[in-house]
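Novice: sequence-free structure coming up:
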């Protein structure tokens, strides 16, 4: 540790993402990537891009992406903010709307980056316990929170909260900023994007990494009233004028335009999830009612780390979280049908002992 | 302004980059872009990239870029940190090494993003006046500063400090973190990269936006001892696991490998700068001894904003800074020879009145 570290840096405990193996031998079900390639329109746009233009700075606000999001959701482009992956967008949200004076609350089981952002920007936070079935209990969140953030569907449980319930929350707590992280919304949930014009205390965050098959390009966005988006722009323009490169911008635009491919691939993933879940249930494996591109499962008679290690030896990467209450559960990304058939066979082996 | 803005966000005054015109009619000499396209190797690597891989997350640390930087400068890859443009790298430096307890110092005339980062992360700062010839006077920096940052060559003056002078500073102030922003170093200066193995109080920052013709791809990097780079990794991993996309990584690697093209294009820019400077001097225009890919000039008999406005009407974009002492100066990026000939003609027109 260098003597030059700031006080804050000395104490940081960064987020640790799932492993990215360097060889390709594994069936990779550990980081919720999409098993299908990006839309053919994305590839076409990139191939036709004039690479000489890379000498010039990109548009600083990601205008074509903002426009495409606005069109997809029927909102104004002033109600959209674009960033270098939804992780950057979330970081900007913590910085723009929170400081050391008021608390943010989130479920004790949710995306584990939220406490990391809080620590990075000195935001006090409370973790509110989920119910024993992992569902989020909004009534348990103190009234004096400045903000509440959760993933919907939640990570790593996959559990989904209906929009009417989120609307109740927005109505009941007009002075609480509610941030709904919809990284997995396209696999079975309904987005809250339709609510942003009516509630100035709502921010919806999405990513193109999962349902749009663009994890490798780093594009995420937020939606909310213009005043909230302006706050994000202030922070972004004090941090990095040009977070999105030229190729990412045209590729993201194309991914948002090609709704046919998007709908076809997400439906396929939903179908494979349903097939996998039925198989696992029939084997006595516990699962939650996931609306995401992953299943959250507990295999009887084996600990989480042991199951992870066994599957790794068998050539399948999955994810396990070292947190109280879920350490015996695995988060398993939905791959293509053949990959899930292989997974089911390996889990059969575990259960057979 | 939303009632949800944090205290800090309410007060932010973001950095304003040079204009990116939407039509292409202008001769664009306002944002220090390279007039030459990226290396042919960059284009080849992007064309051969398997676009299906975009469904997968990129390498989180930009390993191939780190490796290429390390090789180019003959250092270890642990002494390199890669980010989404050098602006992001600089932001991480402010966050990783500074807080509200100790001051950072920088010249009163330098890259105007430094006070913005300071404000974003609540770092107290002092601006130390440059001499009347715009040169940086290190002896004026108080001894108790935790850090000193400046661009070398400096922006927007283009003035260069020799490495032996920076080494003296490093030696004399072992408890001051010295950050040398070498965005423009490849156009006539010598990098301080060779000093990082001997001084644990030095960070050197570079970008691929200028001399590598990749402004549109957003890649920058820092070099320093492993402990300092680890501090940046802590912050980065608490902010965004994957700041560099897959295409940016392979393109940046290629740009760093193709030293022949790099040397050829930067020499051409240096030659054009010298030609332009001689022409302007012969017209009675004041210039500094710029070692960057821009000239800093003062046209007699006209204010800075007026000159900027005249040139804009004539189809040429340049940059003017609304700061005391330099408001009558223009920063003019070096374009191709023909563009600079056109510029000289227009400046002749101004002088002729």
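Specialist: The structure has been received and is ready for your questions. On a predicted model such as this, the values are computed, not experimentally measured, just so you know.

Novice: next up, the contacts around the residue of the stretch 251-353 of chain A found nearest chain B.
Specialist: Each residue of the stretch 251-353 of chain A has a distance to chain B, by CB to the nearest CB, and the smallest belongs to residue A:251, at 7.4 Å. For the C-beta atoms, the positions are set from N, CA and C on the backbone; glycine is no exception. For residue A:251, the contacting residues are A:38, A:42, A:45-46, A:214, A:217, A:219, B:54, taking CB atoms under 8 Å, 6 or more residues apart in numbering or on different chains as the criterion.

Novice: mind doing that once more with 6 Å?
Specialist: Shown in contact with residue A:251 (CB atoms under 6 Å, 6 or more residues apart in numbering or on different chains): A:42, A:46, A:217.

Novice: quick one: which of those residues is most hemmed in?
Specialist: Greatest neighbour count in these, by other CB atoms under 10 Å in any protein chain shown, goes to residue A:217: 32 neighbours.

Novice: isn't that residue up against residue B:54?
Specialist: Yes - with contact defined as CB atoms under 6 Å, residue A:217 reaches residue B:54; the gap is 5.4 Å.

Novice: wasn't residue A:205 part of a strand?
Specialist: Yes - secondary structure assignment (DSSP: H, G, I helix; E, B strand; the rest coil) places residue A:205 inside a strand.

Novice: residue B:127 versus the residue of the stretch 251-353 of chain A closest to chain B, what's the distance?
Specialist: Using CB to CB, to the nearest Å, one gets 41 Å for the distance from residue A:251 to residue B:127.

Novice: may I have the residues that are in contact with residue A:185?
Specialist: Residues in contact with residue A:185, defined by CB under 6 Å, 6+ apart, are residue A:191.

Novice: now with 10 Å?
Specialist: For residue A:185, the contacting residues are A:151-153, A:160, A:191-193, A:204-207, A:210-211, A:291-292, taking CB atoms under 10 Å, 6 or more residues apart in numbering or on different chains as the criterion.

Novice: give me the subset of those residues touching chain B.
Specialist: Among the contacts of residue A:185, the residues lying close to chain B (CB under 10 Å from any CB of the partner chain) are residue A:210.

Novice: tell me the one of the contacts of residue A:185 nearest chain B?
Specialist: Using CB to the nearest CB as the measure, the one of the contacts of residue A:185 that approaches chain B most closely is residue A:210, at 9.6 Å.

Novice: need the contact list for the spatially closest residue to residue A:331 that is not a sequence neighbour.
Specialist: With CB to CB, 6 or more residues apart in numbering or on different chains as the measure, residue A:156 is the residue that lies nearest to residue A:331, at 4.0 Å, once sequence neighbours are left out. Neighbouring residues of residue A:156 by CB under 10 Å, 6+ apart: A:32, A:109-112, A:134, A:288, A:290, A:292, A:294-296, A:319-321, A:323, A:326, A:329-332.

Novice: about what we covered before: looking at this, the residue of the stretch 251-353 of chain A closest to chain B is in a helix?
Specialist: Yes - Residue A:251 forms part of a helix when assessed by three-state DSSP.

Novice: domain map for chain A?
Specialist: Each structural domain of chain A that the record assigns through automatic domain parsing is listed here as a residue range: A:19-37+A:260-352, A:40-257.

Novice: identify whichever of the ones you listed lies nearest to residue A:5.
Specialist: Nearest to residue A:5, of all these, is domain A:40-257, at 13.4 Å by CB to CB.

Novice: measure the closest one end to end?
Specialist: The separation between the terminal residues of domain A:40-257, taken as CA to CA, to the nearest Å, is 11 Å.

Novice: how far off centre is it?
Specialist: On the basis of CA atoms, centre = their mean, to the nearest Å, domain A:40-257 is displaced by 9 Å from the centre of the chain it belongs to.

Novice: residue A:291: what secondary structure?
Specialist: Of the three states, residue A:291 takes coil under three-state DSSP.

Novice: which pLDDT does the model give it?
Specialist: For residue A:291, the pLDDT comes out at 98.

Novice: and for the one 5 residues further on?
Specialist: pLDDT recorded at residue A:296 is 98.

Novice: test my guess that it contacts residue A:273.
Specialist: No - with contact defined as CB atoms under 10 Å, residue A:296 does not reach residue A:273; the gap is 11.2 Å.
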